[in-house]
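In: what follows is a predicted structure for the sequence shown.
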Amino acid sequence: MKKHIIAIGIIFVLLLVGFSGCIFDGDTSYEEDKDVVYDEELSIEYFIVEPGLVDLGDSAYLSWKVLGAKSVSIDNSIGNVGLEGKQIIFPTENTTYTITALDSEGSAEAFVKVYVSGMIGTSPETTPNMQFVKDDTHNKLTVASADPGNLQWSDFEMTNSSGSAWQNNSGAVQAGQYIEVSSGTATVNIRHISTNTLIGTWNFN
């Protein structure tokens, strides 16, 4: 009888120790498992129009991507839009489109211009003189000089053998700004829209 009582007592103690081990294993260190979210800085990654020159009645597309904004809007009756998107437009005259991004601390803006054939533009009607330095290693065209000084990036249309060349610039064309070309692109063309002048052709292998 005593042996049975002792055996029951031993089992009870073992069970108690086992349960206590499930509740507390003696290790007081732990790492909280949670996602850490950092606020993105407000920026307009790109805002482009394709093509930059259309015939009256034809369409073009606005494309954009914005980071860190609470709200994004585009003028000329487009209104509020998402952080990233594409919008078809049917311009009836030379039109400048402005995208505005807002956060709790401020705003950011960028603009593009689309030209309609036959309309008198506000860009220089003389053929601009632009010089680029080609960097095959990084697939870039860097502006060496641009004349006249009031040239705007929206005055130019850039195409390549696989679509559109990529340039993350807005406002005035300035020396030191560059155009990034997608890898594998064979030929890049840059054309001045209002005078329909080919500025240059560059081959990337």
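Out: Received, thanks.
In: what separation is there between residue 41 and residue 106?
Out: Look at residue 41 and residue 106: by C-beta to C-beta, to the nearest Å, they are 11 Å apart. For the C-beta atoms, the positions are set from N, CA and C on the backbone; glycine is no exception.
In: should've said residue 44
Out: The gap separating residue 44 from residue 106 is 13 Å, by C-beta to C-beta.
In: for residue 131, give me its contacts.
Out: 143-146 (C-beta atoms under 8 Å, 6 or more residues apart in numbering).
In: what's opposite it in the beta bridge?
Out: Counting by DSSP bridges, residue 131 forms beta bridges with residue 145.
In: neighbours around residue 112, how many?
Out: 24 (other C-beta atoms under 10 Å).
In: try residue 73
Out: 14.
In: what about residue 98, neighbour count?
Out: Neighbour count of residue 98, defined by other C-beta under 10 Å: 14.
In: thought it was touching residue 108?
Out: No. In this structure, residue 98 is not within contact of residue 108 by C-beta atoms under 8 Å, at 11.0 Å.
In: quick check: closest non-adjacent residue to the residue positioned nearest the centre of the chain.
Out: What sits nearest the mean C-alpha location of the chain, by C-alpha atoms, centre = their mean, is residue 45, with 3.0 Å. Leaving aside its sequence neighbours, residue 45 sits nearest to residue 65 (C-beta to C-beta, 6 or more residues apart in numbering; 4.1 Å).
In: also residue 85?
Out: residue 64 (6.4 Å).
In: residue contacts, the one you found?
Out: Here residue 64 is in contact with 44-48, 72, 74, 81, 84-85, 99 (criterion: C-beta under 8 Å, 6+ apart).
In: are any of those buried, and if so which?
Out: 44, 46-48, 72, 74, 81, 99 (16 or more other C-beta atoms under 10 Å).
In: re earlier: adding pLDDT and distance to residue 136, write the contacts of residue 64 out as TSV.
Out: Formatted as TSV, the contacts of residue 64 follow (pLDDT from 0 to 100; distance: C-beta to C-beta, whole Å):
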residue	pLDDT	distance to residue 136
44	88	29
45	86	25
46	86	23
47	88	28
48	87	24
72	96	36
74	96	36
81	96	37
84	94	31
85	95	33
99	93	33
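In: between those, which is nearest residue 186?
Out: residue 48 (21.2 Å; C-beta to C-beta).
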